[in-house]
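build me a model from this:
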Amino acid sequence: MTLLAAWCGRYRHLLVAAGLAHLSAVVVISIARMLPAQGVVLLTLSGFPLYFAWALADYRSFLLATFATIAVVQMEPAPFDMLVPVALAAGMAGRHIWVRLDARFWTLAAFVGLSVVSVARADDLATAIRYVAITGYLALLYLAVAGLIQQNMRQAVIAGIVVAALATTALTLLAFYDVANLEHLIYLRGPRWQGTFKDPNVFGGFLVLPLAWSVDRVMAGGQARWARATAVLLLGLVMSLSRGAVLAGAVTLVIMAALALRRREYAQVRRAAFALALGLAVVLVFVLAHDLGPVVLGRVGLEDYDSVRFDVQERAVVGRSFSSWALGMGPGQFEDVHAYATHSLYLRILAENGLLAFVPFAAFLVLHIVRAGLSGATILAILVGQLLNGFVIDTLHWRHLWVLLGLAAWNVRR
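A predicted model of the protein is given here:
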């Protein structure tokens, strides 16, 4: 492997250029839907030898490019999902990743293991196996991010996410005006923006991390480009019309300000306030210019379907047997049993995986909150906001949640 890495390093520039060209083709074809899902999968798989060589030659650029595709999820498995095993394998081969067998690892292993046990209680076995397999894949994604050793590698992950967020928001803005017929490819949910995701709630939730990071860069004295990025991302977040995502973003920014004031960073807070004021002005002008005020205001408060959601959640909690509480009904079974989604990360795990799996999962989250809190990092604010979002929507299979947890294992700001 050392000889292969040395050979790849000799042709680093060529491998990076070829890898970028192939990956760009995959992304464009995926967004434009020029091939069916199976065709995109085969095209991505055909690039595996090239991607692996690229990762051995320049792991940082490969990581950045990989995470720049994280928002392209109009099909599953998404291109990003197929790149993660390459990143994990090349990272371990190149000694960029080291999986630490600490308490966080064992609580995660216990959660996944007990989730597998709960499969035995599922009526729809195929759905349960598929659901727990996705959970296992996301656990590997977490380990890949949490195991990154070098600080610049972790920064590359965040840089890739910021690139992805800006690109998908810009494409959605173009789709809003139906530039290049993008409306039929991206903008499919009426007034709600969903970007290159399949759901506006996921799009909005995804934007919280890059928005907070842009504000963090503004606070750190970043250039005007970070203020512009803040405005673009804030527009995307608001136009997702996701109440949970907007709440998560607001909580994140408030915590960031509180942490900065605690450190007496008054100038940094003023810079952040100016950038956010600029962003809110852009949002206001956009909303008024397109007469979207009633639509935006209509998302404030409870919707008609909220009463159905609360009724389903109550029925899921009341009247369950001890064995049902302990082991759950099986992964991915809630919609089949109650004909409605849980709209809650925590209720879903309790109902489907059981209390025995929920306890290590809760411990896993607490350990990351404590770790991020000890460092006082911006990641703590983002993590709290996302976990709060989990009370109003099921976020277990959101890729960016597991990436965030991996980042929370480190102090990525200071």
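
give me the nearest residue to Met343, chain neighbours excluded.
Small correction: residue 343 is His, not Met. For His343, ignoring the flanking residues on the chain, the nearest one in space by Cβ to Cβ, 6 or more residues apart in numbering is Arg309 at 5.0 Å. The way it works is simple: take the backbone N, C-alpha and C, and place the C-beta from them, glycine included.

list the buried ones in whichever strand or helix holds the one you found?
Using DSSP states H and E, Arg309 sits in helix 304-317. With burial defined by 16 or more other Cβ atoms under 10 Å, the residues of helix 304-317 counted as buried are 309, 312-313, 316.

just stretch 359-376 next, same as before
360-361, 363-365, 367-368, 371-372, 376.

for the protein, which helix extends over the most residues?
Of all the segments of type helix in the chain, defined by DSSP state H, the longest one is helix 151-176.

any idea how far it is from the chain center?
11 Å (Cα atoms, centre = their mean, to the nearest Å).

from the contact counts, what lies against that helix?
helix 59-67, helix 200-219, helix 224-239, helix 399-408 (3 or more Cβ pairs under 8 Å, 6 or more residues apart in numbering; DSSP states H and E).

quick one: contacts of the last one?
Contact with helix 399-408 is made by 67, 70, 73, 80-81, 138-139, 141-148, 154, 157-158, 161, 205-206, 209, 364-365, 368-369, 371-372, 379-380, 382-383, 386, 390, 395, as judged by Cβ atoms under 8 Å, 6 or more residues apart in numbering.

let's see it at 6 Å
Applying Cβ atoms under 6 Å, 6 or more residues apart in numbering, the contact partners of helix 399-408 are 138, 141-142, 145-146, 206, 368, 372, 379, 383, 386, 395.

quick one, it and helix 200-219 angle?
For helix 399-408 against helix 200-219, the angle by axes from the mean of the first three to the mean of the last three Cα atoms, to 10 degrees is 30 degrees.

do the same with the third one
Interaxial angle of helix 224-239 relative to helix 200-219 (the same axes, to 10 degrees): 160 degrees.

for helix 224-239, name the packing helices and strands.
Packing contacts for helix 224-239, counted by 3 or more Cβ pairs under 6 Å, 6 or more residues apart in numbering; DSSP states H and E, involve helix 151-176, helix 200-219, helix 266-289.

what's the angle from the helix or strand just after it to helix 200-219?
Toward the C-terminus, helix 224-239 is succeeded by helix 243-262 as the next helix or strand (DSSP H and E). Orientation note: helix 243-262 sits at an angle of 20 degrees relative to helix 200-219 (the same axes, to 10 degrees).

chain center to helix 243-262: distance?
17 Å.

other SSEs contacting that helix?
If contacts are counted by 3+ Cβ pairs under 6 Å, 6+ apart, helix 243-262 sits against helix 200-219, helix 266-289, helix 378-389.

including pLDDT and distance to Gly9, could the buried residues of helix 304-317 go into TSV?
Listed next are the buried residues of helix 304-317 as TSV, based on pLDDT from 0 to 100; distance: Cβ to Cβ, whole Å:
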residue	pLDDT	distance to Gly9
Arg309	74	54
Val312	73	56
Gln313	72	54
Ala316	70	54
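
now for these: which two are most distant?
Longest distance between any two of the buried residues of helix 304-317 is 10.7 Å, between Arg309 and Ala316; criterion Cβ to Cβ.

ok, Ala363 to Met256 distance?
Look at Ala363 and Met256: by Cβ to Cβ, to the nearest Å, they are 26 Å apart.

how long is stretch 7-14 from one end to the other?
When the termini of stretch 7-14 are compared using Cα to Cα, to the nearest Å, they are 12 Å apart.

let me fix that: stretch 350-360
End-to-end distance (Cα to Cα), stretch 350-360: 12 Å.

in TSV: the helices and strands packed on helix 224-239, plus mean neighbour count and distance to Ala21.
TSV is the format used below for those (neighbours: other Cβ atoms under 10 Å; distance: least, Cβ to Cβ, whole Å):
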stretch	mean neighbour count	distance to Ala21
helix 151-176	20	17
helix 200-219	26	25
helix 266-289	16	34
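
quick one: closest of those to Ala339.
Comparison of the helices and strands packed on helix 224-239 against Ala339 by Cβ to Cβ identifies helix 200-219 as nearest, at 19.5 Å.

which of the helices and strands packed on helix 151-176 sits closest to Trp106?
Closest to Trp106 of the helices and strands packed on helix 151-176 is helix 399-408 (Cβ to Cβ; 14.9 Å).

work out the gap between that closest one and the centre of the chain.
7 Å.

swap in stretch 242-259?
Computed by Cα atoms, centre = their mean, the chain-centroid distance of stretch 242-259 equals 16 Å.

just to revisit the earlier point, now the contacts of helix 399-408 as TSV including pLDDT?
As requested, the contacts of helix 399-408 are arranged in TSV below (pLDDT from 0 to 100):
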residue	pLDDT
Leu138	97
Leu141	96
Tyr142	96
Val145	94
Ala146	92
Phe206	97
His368	92
Ala372	82
Ile379	89
Leu383	94
Gln386	95
Thr395	93
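
closest one of the residues you listed to Arg12?
Val145 (23.5 Å).

count of neighbours near the closest one?
By the criterion of other Cβ atoms under 10 Å, Val145 has 27 neighbours.

same question for Leu234.
26.

now do Ser115
Ser115 has 27 neighbouring residues, counting by other Cβ under 10 Å.

now do Ile349
Neighbours of Ile349 (other Cβ under 10 Å): 25.

check contacts around it.
Per Cβ under 6 Å, 6+ apart, neighbours of Ile349: 358, 361.

sec struct for Leu396, please.
Under DSSP: H, G, I helix; E, B strand; the rest coil, Leu396 falls in the coil class.

how much space between it and Arg348?
6 Å.

tell me which of these two has more neighbours.
Comparing Leu396 with Arg348 by other Cβ under 10 Å, the one with more neighbours is Arg348, at 26 against 21.

skip the chain neighbours and tell me the closest residue to the more buried one.
Excluding its sequence neighbours, the residue lying closest to Arg348 (Cβ to Cβ, 6+ apart) is Thr342, at 4.2 Å.

is it fair to say the one you found lies in a strand?
No - read with three-state DSSP, Thr342 is coil and lies in no strand.

distance of it relative to Phe358?
Distance from Thr342 to Phe358, by Cβ to Cβ: 13 Å.

neighbours of the residue nearest to Ala316 when sequence neighbours are not counted, just the number please.
Leaving aside its chain neighbours, Ala316 sits nearest to Ala351 (5.2 Å; criterion: Cβ to Cβ, 6+ apart). Per other Cβ under 10 Å, the neighbour tally for Ala351 reads 24.
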